[in-house]
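> here you go, sequence then predicted model.
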Amino acid sequence: MSWRSQAHVRVREEGGTFVVEAFGELDIDERDLFAAAWDEGDERCLPATVVDLAGVTFADSSFLDSLLRGRARHLAAGRGFVLAGPLHPTVRLLFDVTGVSSHLIMAGSLAEALLRAADGAGGTRD
């Protein structure tokens, strides 16, 4: 029996912002999806990235590691990084239990995140 992940990541540009949309259950098997997205974000070098997590139904520590690596790359390059929800309860729990929620710029929707990124509110939150 073969197994294939239903998770996927899509990237696009919207209004001068790099948008990464994630869907499905994200664990160690999907870590390369985010690495490829961060590489493309570096190539495009737009002022901010919005990561839309509304379609993520499960995430583990490897997903969190990939997300934090992407955030670090963006901040080191002086680019904004905003997460968009709404977050699935399991994803929200992962952020809260690990304590990273207070270090991330989050918005309740993709539209709100795009506005925050355009307004320059996607900088650090440490």
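Great, that's in hand. Quantities reported herein were computed from a predicted structural model and do not represent experimental measurements. Numbers count the residues shown, from 1 in each chain.

> contacting residues around residue 21?
Listed by C-beta atoms under 8 Å, 6 or more residues apart in numbering, the contact set of residue 21 reads 9-12, 52, 55. Just so you know, the C-beta spots here come from the backbone N, C-alpha and C atoms, and that holds for glycine as well.

> now, of those residues, which are buried?
For the contacts of residue 21, a burial check counting by 16 or more other C-beta atoms under 10 Å picks out 9, 11, 52.

> contacts only, for the first one.
Pointing back at residue 9 there. 20-23, 30, 33-34, 36-37.

> now do the same for the nearest residue to residue 10 once chain neighbours are set aside: helix, strand or coil?
In space, and not counting its chain neighbours, residue 10 is closest to residue 21: 4.6 Å by C-beta to C-beta, 6 or more residues apart in numbering. At residue 21 the chain is in strand, as set by DSSP: H, G, I helix; E, B strand; the rest coil.

> check residue 86 too.
Per three-state DSSP, residue 86 ends up coil.

> just use 5 as the starting number from now, easier for me
Let's use 5 as the start, then, which means that last one is residue 90.

> buried ones in stretch 79-94?
For stretch 79-94, by 16+ other C-beta under 10 Å, it's 79, 83-89, 91-92.

> in these, find the pair that's most separated.
83 and 92 (26.1 Å; C-beta to C-beta).

> how near is the residue nearest to residue 14 to residue 100?
23 Å (C-beta to C-beta, to the nearest Å).

> swap in residue 42?
24 Å.

> which one of those two has more residues nearby?
residue 42 (21 against 12; other C-beta atoms under 10 Å).

> helix or strand: which one has that one?
Using DSSP states H and E, residue 42 maps to helix 35-48.

> now the element after that helix, going C-ward?
By DSSP H and E, the next helix or strand past helix 35-48 is strand 52-63.

> can you name the element that comes right after that following strand?
Following strand 52-63 toward the C-terminus (DSSP H and E): helix 65-80.
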